[in-house]
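Asker: Here you go, sequence then predicted model.
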Amino acid sequence: MLYYQTKRIIDIVGSTVISIMFLPICALVAVAIKLDNPGPVLADTPERVGQYGRRFKLFKFRSMVVNAHEILRKDPNFSKLYKEYKHNSYKLRHDPRVTGVGRFIRKHSLDEIPQLLNVIKGEMSLVGPRPYYPDELVEQQRKYPHTKKLVKIVLSARPGITGHWQVSGRSEVNFDKRIKMDADYVTKKSLLLDVSILLRSPWAMVSGKGAV
């Protein structure tokens with residue numbers, strides 16, 4: 001289909017150009033992460049669920065302490081926080097695992113830049129639904145049973161670095177509304193819609209609206 005072929009060309013060309021443009025910023029972010037907190041520059045998070053349910057490793061600058069994902073889920077000291085995390089649609093407004101530099105790069109989506117590599121590899125697109133953790137999908141569909149059909153629609157598309165959810169409030173939107181927005185995007189898919197989302201994304205990054 002012409003849409004998918006054109007979208008893939010835009011993904012490859014766009015992600016290559018943006019990667020070159022952001023190289024200086026990436027270098028500064030990497031240095032800041034190393035100086036701020038011990039550990040690797042890239043996050044050590046588990047795999048995400050991609051198109052057709054395929055798992056893949058999402059590249060992301062580390063914005064939390066090392067082993068943050070495991071700490072939240074397995075450390076008894078974080079059990080109360082984990083319950084809050086699940087209750088709030090897998091979001092935490094005040095997360096003690098986030099580092100000083102992490103708060104800044106998360107607010108302005110700078111931690112997402114390495115995902116351009118995922119786009120080049122064909123695992124993601126510049127625009128699309130955000131990729132979920134496997135356990136998040138299971139828990140949220142249990143909490144919102146009516147979203148199961150929407151999840152199937154969303155997983156038929158490549159996940160994206162940015163999308164309708166990111167430019168419409170981001171973390172202020174709960175799972176049921178977020179998955180509906182993503183499903184609407186997949187259903188309405190068009191290059192014009194992609195361009196519209198891409199043009200709105202820089203402001204979402206600069207303003208940090210809805211970020212946690």
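Answerer: Received the coordinates, thanks. Computed from a predicted structure; not experimentally measured. Residues are numbered from 1 along each chain as shown.
Asker: What are the buried residues along stretch 89-104?
Answerer: Using 16 or more other Cβ atoms under 10 Å as the test for burial, stretch 89-104 gives Ser89, Tyr90, Lys91, Leu92, Asp95, Arg97, Val98, Thr99, Val101, Gly102, Phe104. Where you see a C-beta, it was placed from the backbone N, CA and C, and this is true even at glycine.
Asker: okay if I get those residues as JSON lines plus distance to Val138, pLDDT and secondary structure?
Answerer: What follows is these, written out as JSON lines (distance: Cβ to Cβ, whole Å; pLDDT from 0 to 100; DSSP: H, G, I helix; E, B strand; the rest coil):
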{"residue": "Ser89", "distance to Val138": "14", "pLDDT": "74", "secondary structure": "coil"}
{"residue": "Tyr90", "distance to Val138": "11", "pLDDT": "80", "secondary structure": "coil"}
{"residue": "Lys91", "distance to Val138": "17", "pLDDT": "77", "secondary structure": "coil"}
{"residue": "Leu92", "distance to Val138": "19", "pLDDT": "84", "secondary structure": "coil"}
{"residue": "Asp95", "distance to Val138": "21", "pLDDT": "91", "secondary structure": "coil"}
{"residue": "Arg97", "distance to Val138": "22", "pLDDT": "94", "secondary structure": "coil"}
{"residue": "Val98", "distance to Val138": "25", "pLDDT": "94", "secondary structure": "strand"}
{"residue": "Thr99", "distance to Val138": "28", "pLDDT": "96", "secondary structure": "coil"}
{"residue": "Val101", "distance to Val138": "32", "pLDDT": "97", "secondary structure": "helix"}
{"residue": "Gly102", "distance to Val138": "26", "pLDDT": "96", "secondary structure": "helix"}
{"residue": "Phe104", "distance to Val138": "32", "pLDDT": "95", "secondary structure": "helix"}
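Asker: Name the residues of the longest helix seen in the chain that are buried.
Answerer: Ranked by number of residues, the top helix in the chain under DSSP state H is helix 2-21. Applying a neighbour-count criterion of 16+ other Cβ under 10 Å, the buried positions in helix 2-21 are Lys7, Ile10, Asp11, Gly14, Ser15, Ser19.
Asker: likewise stretch 128-147?
Answerer: Neighbour count says stretch 128-147 has 128-133, 136-137, 139-141, 144, 147 buried, by 16+ other Cβ under 10 Å.
Asker: quick check, distance from stretch 57-76 to the centre of its chain.
Answerer: 14 Å (Cα atoms, centre = their mean, to the nearest Å).
Asker: ok, residues contacting that stretch?
Answerer: Here stretch 57-76 makes contact (Cβ atoms under 8 Å, 6 or more residues apart in numbering) with 29-30, 33, 37-48, 78, 81-82, 85, 95, 97-99, 101-103, 105-106, 110-115, 117-118, 124, 131.
Asker: Filter those residues down to the ones in strands?
Answerer: Arg48 (DSSP state E).
Asker: For PyMOL, write a command that selects the buried ones of the contacts of stretch 57-76.
Answerer: Buried residues among the contacts of stretch 57-76 (16+ other Cβ under 10 Å), as a PyMOL selection:
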select buried, resi 29+30+33+37+39+42+43+45+48+78+81+82+85+95+97+98+99+101+102+105+106+110+111+112+113+114+115+117+118+124+131
